[in-house]
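Q: I'd like to go over a predicted model; first the sequence, then the structure.
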Amino acid sequence: MPLRRETGGVPMITRCPGCGTAFRVTPDQLAAREGKVRCGRCAAVFDAWERMQEPPEEPLPEERLEPDAAASAAAPPPPETVEAPDAPEELRAPPAFEEAAEEEVAQPGPAAPAPVSRPARRGRIWLAGSLLLVLVLLAQVTMQLRGDIALLFPETAPLFRGICMALGCEVPLPRHADLIGIESSDLQADPSNPSVMVLTATLRNRAMFPQSHPELELTLTDSQDQPLARRVLAPRDYLGQGASLETGFPANSELAVKVFLEASSLKATGYRLYLFYP
């Protein structure tokens, strides 16, 4: 029969009606939950006061219960349990009377890759496109100045010749018109043939390196210095068809030019001559 309810610290025995597990408790401990407990083995909730029994004559093996995570700070220490021969378990407060559940701490997992936003992806595309355009521009400038680069860095000449062989171009000599000048020039009728005019000039390359031969522009003028005719003389015209242009205009040297022109019908009284690179 159930024991009467008492107060104080006298240990008593209560037994789970579901699995028969026995527990040693005190009235003070049960008063904190109004006698409502939960069996740690079968999770049955029962009134410990109603399941009180007389303490056994022989002491039973006992173990200490771990404190319930839901117990409040004001609650007394958890009761000691007595293992009955049939299966000891711990008493826990039933879920309906728990004050707070123990929160699980989320363990950090592997970080998911951050998605790339559309503006960031568009910015990367623009950056890649800009870098590509800069590389193309640098390649064009390099090919445009390949002659000067090959002159300043002779080790690059074979590379440029190989590229030009594939592209159908050539590695030109430098073309610095400011370093080439006309030292003297003259235009006179040929004494042996008055219908033919003879242009003579002396060109000088003041550079310390060979250069391409420039082109010459001859303009015939009248007495009012108005142009009557204009002709551009290519290197082949004033050097001759058999001249070699690959070696160029030697560094720090002079070149004599003599050209015969059929222009007697123009009645020219003057001329202008200057050189340029196309």
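A: Thanks, I have it. Numbers count the residues shown, from 1 in each chain.
Q: buried ones in stretch 194-211?
A: 197, 198, 199, 201, 203, 204, 205, 207, 209, 210, 211 (16 or more other C-beta atoms under 10 Å). Placement of C-beta: from N, CA and C, glycine included.
Q: which of those fall in strands?
A: Residues of these located in strands (DSSP state E): 197, 198, 199, 201, 203, 204, 205.
Q: lowest-confidence entry in those residues?
A: Within the set of these, pLDDT is lowest for residue 197 (89).
Q: pLDDT value on the closest residue to that one other than its chain neighbours, please?
A: In this structure, residue 197 finds its nearest non-sequential neighbour in residue 261, 4.7 Å apart by C-beta to C-beta, 6 or more residues apart in numbering. The score at residue 261 is 89. That number is its pLDDT.
Q: how about the contacts made by the closest residue to residue 201 other than its chain neighbours?
A: The shortest distance from residue 201 to any non-neighbouring residue, by C-beta to C-beta, 6+ apart, is to residue 185 (3.9 Å). By C-beta atoms under 8 Å, 6 or more residues apart in numbering, residue 185 lies in contact with 199, 200, 201, 202, 273.
Q: before we move on, what about residue 200?
A: 185, 186, 187, 188, 256, 257, 258, 259.
Q: try 7 Å
A: The neighbours of residue 200, taking C-beta atoms under 7 Å, 6 or more residues apart in numbering as the test, are 185, 186, 257, 258.
Q: confidence score at the nearest residue to the last one once chain neighbours are set aside?
A: Just to be clear, that refers to residue 258. Sequence neighbours aside, residue 200 is the residue nearest to residue 258 in space, at 5.2 Å (criterion: C-beta to C-beta, 6+ apart). We have a pLDDT of 96 for residue 200.
Q: quick check: beta-bridge partners of residue 200?
A: residue 186, residue 258 (DSSP bridges).
Q: over to the one 5 residues further on?
A: Counting by DSSP bridges, residue 205 is bridged to residue 180, residue 253.
Q: one more: residue 12?
A: residue 25.
Q: that one touches residue 49, doesn't it?
A: No - counting by C-beta atoms under 7 Å, residue 12 stays clear of residue 49, with 9.4 Å between them.
Q: coming back round to it: quick one: which of the contacts of residue 185 is nearest residue 25?
A: Sorting the contacts of residue 185 by distance to residue 25 puts residue 273 at the head of the list, at 126.2 Å, by C-beta to C-beta.
Q: secondary structure element holding the closest one?
A: strand 270-276 (DSSP states H and E).
Q: burial count for residue 39?
A: Residues lying near residue 39 (other C-beta atoms under 10 Å) number 22.
Q: from residue 15, how far off is it?
A: 9 Å (C-beta to C-beta, to the nearest Å).
Q: joint contacts of those two?
A: By C-beta under 7 Å, 6+ apart, the residues touching both residue 39 and residue 15 are residue 21.
Q: how about the helices of this protein, start to end?
A: 27-31, 118-144, 146-152, 157-167, 235-239 (DSSP state H).
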